[in-house]
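K.L.:
Sequence unavailable; structure follows:
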RNA sequence: GCCCGGGUGGCCGAGCGGCUAGGCGGCGGCCUGCAGAGCCGCUUUACAGGGGUUCGAAUCCCCUCCCGGGCUCCA
């Protein structure tokens, strides 16, 4: 039974979708005006793991993500470059999609652009005005936070503290905490006609409109990074529940912790950005995903190249043992005590791995279970040449599960092509010959040349063995 | 200032009333032409500080200190 932390109740709750085993999940997507960084990746990989887990556990998941392509920052950046805002947005949306692909994120069912849901946004605002949750002024349409009782509940704020503000509020608003649903803008700027005049939607309304378009008044999981809980998610919830009269808008509100660098969150304003593509030039997606999985999704995660390197080494050890395990001969003889022990250990390992994930997606604990199982396996391999077929099947199932949820194994665990196998065995045979003739310089040169191709050669007592090490993204 | 999270061994990071977490790094050993990986041993009587509750506290309660985030740009 899956249990998840719900930000709304601040408790771990049993996960039960609104209808049967169907799960509607929405995650706040990017504002596409620049390259995404590894803080964004942390969030998207976290939800990817949750999505993979849910599907693996038998849920029928529909995963929806918005693309914010209407936004002041996009407009500003486009003006600087002398291009149309939607052109600029398209360009960075393309880069974002490339990043997702390179991060092995394929779990999103539908991406929805704000610019393509203006009608729905306008309808939603109309509804809010009719029900008395919004009011019109000379600068736009605003949400009346006082009319919506539970405002502040999600982020745990009292009404009086909500009026505190850093930026001078629009003077036509009734209260500082009221927020824009529609902003009137000059016709020279990007915008659309509306019953209230030419302009653009406010920050929060696109998400609500998109969710309600595809999911109706309720969804199961609403996700995003913790920094969005206020005011963004607070506002989304208010808009939706006010408009539909149905509560809760989202059954579970899930928030990911932020990625920090030297203790501070990664953000443009601090100038401590490392882009996804920059990291993927040096480390594989699998290594980065392992790094993320090694801390809990709600905890802040401190990025450093050293920490990523440590993750890479840990993953390397896992792959090495797994590879060795699968390369051994299979024995179909009756199980002896040790064989039975291995089988049992792998079986309980797999179930403990699942239990860890069921506990609010505790990936660090799940990884420790994996290490534990592999250490046991490695010990077995120290003193046994072959692997009982039952244990082999159990191990394969375990690794397949790990990979389908976490996506941390690179080519090393995929079946390689026959041609590659044959070519490598040819090369390694020649190299063996060189070694037996003590021509080590040439043998070592071959090993290091293969290594730079992503083929790691390891000489063991039983002969040379190779595996494809993590594949870095190579962009032409 | 107010509101949320946190502070666990050299580093990362689970645990959240009793049971060796795990990983990375370092040192020694086995194996080995070298490298790598693995195995064995050590680093390991760690839980910010101070009070309390309890037979028993990293875990519960109170106080203090420190760090991160939010307080209408943000994944």
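P.N.:
Received, thanks. Just so you know, these numbers come straight off a predicted model, no measurement behind them.

K.L.:
Flag every buried residue along stretch A:263-277.
P.N.:
Under the neighbour-count criterion of 16 or more other C-beta atoms under 10 Å, stretch A:263-277 has A:265-267, A:272-277 buried. All C-beta spots, glycine's among them, are computed from the backbone N, C-alpha and C.

K.L.:
ok, and which of the residues you listed reach RNA strand B?
P.N.:
Filtering the buried residues of stretch A:263-277 for proximity to RNA strand B by C-beta under 7 Å from any atom of the strand leaves A:265-267.

K.L.:
so where is chain A shaky, pLDDT-wise?
P.N.:
Along chain A, the parts satisfying pLDDT under 70 run over A:159-168, A:411-416, A:461-462, A:468-476.

K.L.:
And the helices in it, which stretches?
P.N.:
Assigned by DSSP state H, chain A shows helices spanning A:38-56, A:72-81, A:85-102, A:118-130, A:205-215, A:234-244, A:276-282, A:285-293, A:305-327, A:337-358, A:363-383, A:389-406, A:418-436, A:440-452.

K.L.:
Any part of stretch A:93-104 near RNA strand B?
P.N.:
No. Legend: contact between stretch A:93-104 and RNA strand B by C-beta under 7 Å from any atom of the strand is lacking; minimum distance shown is 10.0 Å.

K.L.:
what about residue A:463, how many neighbours?
P.N.:
By other C-beta atoms under 10 Å, 9 other residues sit near residue A:463.

K.L.:
ok, now how distant is it from RNA strand B?
P.N.:
10 Å (C-beta to the nearest atom of the strand, to the nearest Å).

K.L.:
Across the sheet, point out what pairs with that residue.
P.N.:
Judged by DSSP bridges, the bridge partners of residue A:463 are residue A:460.

K.L.:
surely it meets residue A:431?
P.N.:
No. Using C-beta atoms under 8 Å as the test, residue A:463 is too far from residue A:431 to be in contact (10.6 Å).

K.L.:
For residue A:230, which non-adjacent residue is closest in space?
P.N.:
Of all residues not flanking residue A:230 in the chain, residue A:155 sits nearest, at 3.7 Å (C-beta to C-beta, 6 or more residues apart in numbering).

K.L.:
And stretch A:169-185, what's buried?
P.N.:
Buried, per 16+ other C-beta under 10 Å, within stretch A:169-185: A:170, A:173, A:177-185.

K.L.:
out of the residues you listed, what pair is the most spread apart?
P.N.:
Using C-beta to C-beta, those span at most 22.5 Å, a distance reached by A:177 and A:185.

K.L.:
before we move on, the earlier item: tell me how far the residue nearest to residue A:230 lies from residue A:10.
P.N.:
11 Å (C-beta to C-beta, to the nearest Å).

K.L.:
what does residue A:459 give?
P.N.:
Applying C-beta to C-beta, the value for residue A:459 to residue A:10 is 55 Å.

K.L.:
So for those two, which residue has more residues nearby?
P.N.:
For residue A:459 versus residue A:10, neighbours defined as other C-beta under 10 Å are more numerous around residue A:459 (14 against 8).

K.L.:
need the contact list for the closest residue to residue A:120 other than its chain neighbours.
P.N.:
Nearest residue to residue A:120, sequence neighbours excluded (C-beta to C-beta, 6+ apart): residue A:209, at 4.4 Å. Applying C-beta atoms under 8 Å, 6 or more residues apart in numbering, we find residue A:209 in contact with A:117, A:120-121, A:123-124, A:201.

K.L.:
Show me which residues of the stretch 1-150 of chain A are close to RNA strand B?
P.N.:
A:10, A:28-31, A:39-40, A:42-43, A:68, A:73, A:145.

K.L.:
And for the nearest residue to residue A:154 once chain neighbours are set aside, the neighbour number?
P.N.:
In space, and not counting its chain neighbours, residue A:154 is closest to residue A:234: 5.0 Å by C-beta to C-beta, 6+ apart. The tally of other residues near residue A:234 (other C-beta under 10 Å) stands at 25.

K.L.:
OK, contacts around the closest residue to residue A:215 other than its chain neighbours?
P.N.:
Distances taken as C-beta to C-beta, 6+ apart put residue A:24 closest to residue A:215, at 4.7 Å, once the chain neighbours are dropped. Neighbouring residues of residue A:24 by C-beta under 8 Å, 6+ apart: A:17-18, A:62, A:64, A:215, A:218-221.

K.L.:
got it, and residue A:240?
P.N.:
Residue A:240 makes contacts with A:208, A:211-212, A:217, A:249, as judged by C-beta under 8 Å, 6+ apart.

K.L.:
How much space separates residue A:147 from residue A:132?
P.N.:
Per C-beta to C-beta, residue A:147 is found 6 Å from residue A:132.

K.L.:
between the two, which one's more packed in?
P.N.:
Neighbour totals were compared for residue A:147 and residue A:132, and residue A:147 leads with 17 against 10 (other C-beta under 10 Å).
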